[in-house]
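Compute the structure for the input listed below.
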Amino acid sequence: MADPTTVAPSSPAVEPKTAPTSDPTVPGAVRWADDRVGLSKLSGVVLRKVFPDHWSFMLGEIALFSFIVLLLTGVFLTIWFVPSMAEIEYDGSYQLLKGLPVSEAFASTLHISFDVRGGLLVRQIHHWAALLFVAAATVHMLRVFFTGAFRKPREVNWLIGVGLLSLSLIAGFAGYSLPDDLLSGTGLRFVNGLIRSIPIIGTWAEFFVFGGEFPGDILIPRLYMVHILLVPGILLGLISAHMALMVYHKHGQFPGPGRTENNVVGYPMFPVYISHMGGFFFIVFGFLVLMGGLFQINPVWVYGPYDPAKVTAGSQPDWYMGWVEGAIRIIPPMEWHLWGTTWTWSVFLPGVGLMGVLFTALGAWPFIEAWLTGDKREHHLLDRPRNQPTRTALGVAGMASYAMFWLAGGNDIIATRFALDLNAITVVMRVAVFVAPVIAFIVTKRICLSLQRADRERALHGSEDGVIVRSPAGGYSEAHVPLPHDEQFLLTQHLQHKVLEVSAETDAAGVRRKGGVSKLRARLSRWYLGHDIAKPTAGELTAASHHGTHGPSINGDGVDGHELDGPRHGSEAGVGAGSGADKAGLHH
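This next block holds a predicted model:
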């Protein structure tokens with residue numbers, strides 16, 4: 001029989017308790033903040049986060065620190081810059097322009113350069129930092145591409161990086177155009193042509209952007225808002241998201257001893273990386289100050305104020321936009337007249353279309369590669385570029401194409417500097433933009449495959465010991481020393497995908513399959529993966545290690561089966577094969 005139910009007078013669960021208090025030894029301000037926002041828990045996770053160490057990871061830090069310098073110098077410049085296209089008479093310190101009609105934007109730029117203490121230095125630091133920011137971001141993305149750091153689970157972070165790169169171009173162009181000088185106005189005229197070339201809506205888009213016919217009177221204020229508010233705000237948000245995802249996914253690391261897909265080998269954020277990043281920030285900042293103080297850039301007083309009737313001779317955009325101008329310079333004329341409208345393909349396709357193709361291809365590449373390889377696994381170990389020959393070759397081919405367009409953007413400078421015919425340069429560049437990428441692809445892929453063969457040979461037979469031996473038969477050879485296990489692991493740890501095969505159209509029951517491998521996908525997969533050199537298997541490595549323990553044999557076939565090419569000595573040279581020197585062997 002069950003015991004009767006009783007009611008307890010009290011319970012620990014309902015007894016009142018005193019609220020927990022912080023450690024009294026912690027300083028007051030820190031304790032106050034920790035009680036309200038949980039700093040101790042947050043900092044405990046972030047400050048002990050481990051990051052791998054490699055020189056190439058500093059490229060992203062250079063971009064980040066350049067952006068910080070841009071914000072600091074931009075605040076300084078904002079105080080004195082006047083974003084207005086209203087015309088005034090210049091009455092500043094620069095005597096050569098005194099009394100000329102200029103815009104308020106141009107006059108304030110001259111005021112910053114000549115009348116504000118340190119203004120010219122800050123202007124030039126700002127400009128150099130912008131160029132360094134775009135350059136570092138570009139090289140950082142190339143490192144991510146060639147090492148495969150865009151693969152699952154980092155596809156979203158790659159897309160954020162593509163967005164950051166595209167927005168950096170917009171921010172750079174907007175800032176470049178703000179002084180309203182003749183050179184930047186020439187660039188705006190170029191962009192005006194790009195916008196007008198858009199089929200059907202080009203004229204309306206031009207009137208919307210410029211507030212009427214070019215150049216209008218509202219563009220500088222609009223670019224100013226884009227440059228100091230819109231784009232920097234979006235950049236700050238994307239950079240924050242980019243770094244948060246980097247911490248969440250773990251930083252990718254290069255393969256090596258003790259490094260797996262499930263760990264990170266490196267140093268904690270505090271105190272190691274914080275001290276490294278702090279010191280590196282001041283190195284980048286100091287480098288930009290030196291650049292701004294020693295190397296003149298964008299001397300707007302030399303160009304003068306913008307006049308739509310004038311064009312600066314030999315004008316060139318900043319380097320990151322030169323490839324678009326080059327594409328427009330060399331494309332043959334193509335123009336249609338349909339339904340009372342003009343379709344200028346020779347401006348739209350190389351300008352708007354080429355940029356669209358570039359950023360679309362960059363954004364889609366992680367998904368294209370996953371589709372070609374069928375790889376759905378997470379990757380935290382980075383690739384050596386040689387182990388992905390087709391991807392590496394495609395990247396180098398893209399760089400070669402960019403370089404050819406970039407050179408074409410300076411065809412007039414090349415012609416005048418080297419006394420060459422401008423038309424001949426244009427024709428050569430039209431061919432080079434197609435031929436150079438193909439040559440770069442073939443050469444790069446062959447180099448990668450050769451390096452794969454060298455790695456396979458090195459993993460199986462070890463490294464040369466540096467001692468050349470001459471055999472009694474006159475052959476020269478060199479013994480091989482087995483590799484350390486760490487180096488052998490590095491040469492053989494990479495993942496090699498199998499070429500996808502065409503799936504059967506129906507299953508065993510005759511039902512049509514869904515989501516199989518099509519013939520097109522299988523052919524592209526064979527093109528992408530089919531030429532890789534197979535890495536040594538475990539059995540081959542074991543057999544090679546046993547073969548290496550037998551010791552060298554002095555014979556005409558060399559040591560350990562590796563004969564060196566070279567002149568033969570012995571009976572062919574009139575020296576007896578049994579001479580004392582040959583019997584003992586010659587060591588060099």
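
pLDDT wise, what is Arg568 at?
At Arg568, the pLDDT value in this model is 35.

Tell me which residues touch Ala241, please.
By C-beta atoms under 8 Å, 6 or more residues apart in numbering, the contact list for Ala241 reads Ile160. (C-beta placed from N, C-alpha, C; glycine too.)

where's it, which helix or strand?
Using DSSP states H and E, Ala241 sits in helix 231-249.

Could you do Glu464 as well?
strand 463-470.

helices and strands around that strand, which ones?
strand 476-481 (3 or more C-beta pairs under 8 Å, 6 or more residues apart in numbering; DSSP states H and E).

Any buried residues in the strand it packs on, and which?
Across strand 476-481, burial judged by 16 or more other C-beta atoms under 10 Å covers Tyr476, Ser477, Glu478, Ala479, His480.

Correct me if wrong: the third one contacts Asp465.
Yes. With contact taken as C-beta atoms under 8 Å, Glu478 and Asp465 are classed as touching, separated by 6.7 Å.

Can you point out the buried residues in the longest helix along the chain?
If you go by DSSP state H, the chain has its longest helix at helix 422-461. The neighbour-count check on helix 422-461 (16+ other C-beta under 10 Å) flags 425-426, 428-429, 432-433, 436-437, 440-441, 444-445, 447-449, 451-452, 455-456, 458-461 as buried.

how far does that helix sit from the chain's center?
Relative to the centre of its chain, helix 422-461 is centred 20 Å away, using C-alpha atoms, centre = their mean, to the nearest Å.

for the record, mean pLDDT for it?
Rounded mean pLDDT across helix 422-461 is 94.

now for that helix, which elements pack on it?
Using 3+ C-beta pairs under 8 Å, 6+ apart: helix 422-461 touches helix 322-330, helix 389-408, helix 411-418, helix 485-492, helix 538-548.

If I take that helix and helix 389-408, what angle do their directions form?
Here the directions of helix 422-461 and helix 389-408 differ by 160 degrees (axes from the mean of the first three to the mean of the last three C-alpha atoms, to 10 degrees).

what's the burial count for Ala149?
25 (other C-beta atoms under 10 Å).

How about it, nearest residue that isn't a chain neighbour?
Nearest residue to Ala149 in three dimensions, chain neighbours excluded: Gly252, at 4.7 Å (C-beta to C-beta, 6 or more residues apart in numbering).

swap in Ala107?
Tyr90 (5.5 Å).

what's the burial count for Trp345?
Around Trp345 there are 16 residues (other C-beta under 10 Å).

and if you look at Val75?
Neighbours around Val75, by other C-beta under 10 Å: 11.

State the pLDDT value of it.
95.

if I've got this straight, it is in a helix?
Yes. Counting by DSSP: H, G, I helix; E, B strand; the rest coil, Val75 is part of a helix.

show me the contacts for Leu165.
If you count contacts by C-beta under 8 Å, 6+ apart, then Leu165 has Val134, Ala137, Thr138, Met141, Phe359, Leu362 around it.

Return the distance of stretch 76-89 from the chain's centre.
Using C-alpha atoms, centre = their mean, the offset of stretch 76-89 from its chain centre is 35 Å.

do the same with stretch 231-251
16 Å.

Beyond the helix holding Ala241, next helix or strand please.
Toward the C-terminus from helix 231-249 - assigned by DSSP H and E - lies strand 267-268.

Check which residues of the helix or strand that that following strand is followed by are buried.
With elements assigned by DSSP H and E, the helix or strand that comes after strand 267-268 is helix 274-294. Neighbour counts over helix 274-294 (16+ other C-beta under 10 Å) mark His276, Phe281, Val284, Phe285, Phe287, Leu288, Val289, Met291, Gly292 as buried.

Let me know the average pLDDT across the next helix or strand after helix 274-294.
Of the helices and strands lying after helix 274-294 in sequence (DSSP H and E), the nearest is helix 300-303. For helix 300-303, mean pLDDT rounds to 92.

What helices and strands are in contact with helix 300-303?
helix 104-114, helix 182-196.

right, and these - which one's nearest Ala33?
helix 104-114 (39.4 Å; C-beta to C-beta).

Pull the closest one out as CSV, backbone CA atoms only.
Output in CSV follows, covering the C-alpha atoms of helix 104-114 (Å, rounded to 0.1, in the frame of the first residue of the first chain):
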residue,chain,number,x,y,z
GLU,A,104,33.5,74.9,-55.2
ALA,A,105,34.6,71.3,-55.1
PHE,A,106,37.7,72.1,-57.0
ALA,A,107,38.4,75.2,-55.0
SER,A,108,38.1,73.3,-51.7
THR,A,109,40.4,70.6,-53.0
LEU,A,110,43.0,73.3,-53.7
HIS,A,111,42.4,74.8,-50.3
ILE,A,112,43.0,71.5,-48.6
SER,A,113,46.2,71.0,-50.6
PHE,A,114,47.8,74.4,-50.1
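
got the contact list for the residue nearest to the spatial centre of the chain?
Against the mean C-alpha coordinate of the chain, by C-alpha atoms, centre = their mean, the closest residue is Met141 at 1.8 Å. Met141 makes contact with Gly161, Val162, Leu165, Leu362, according to C-beta under 8 Å, 6+ apart.
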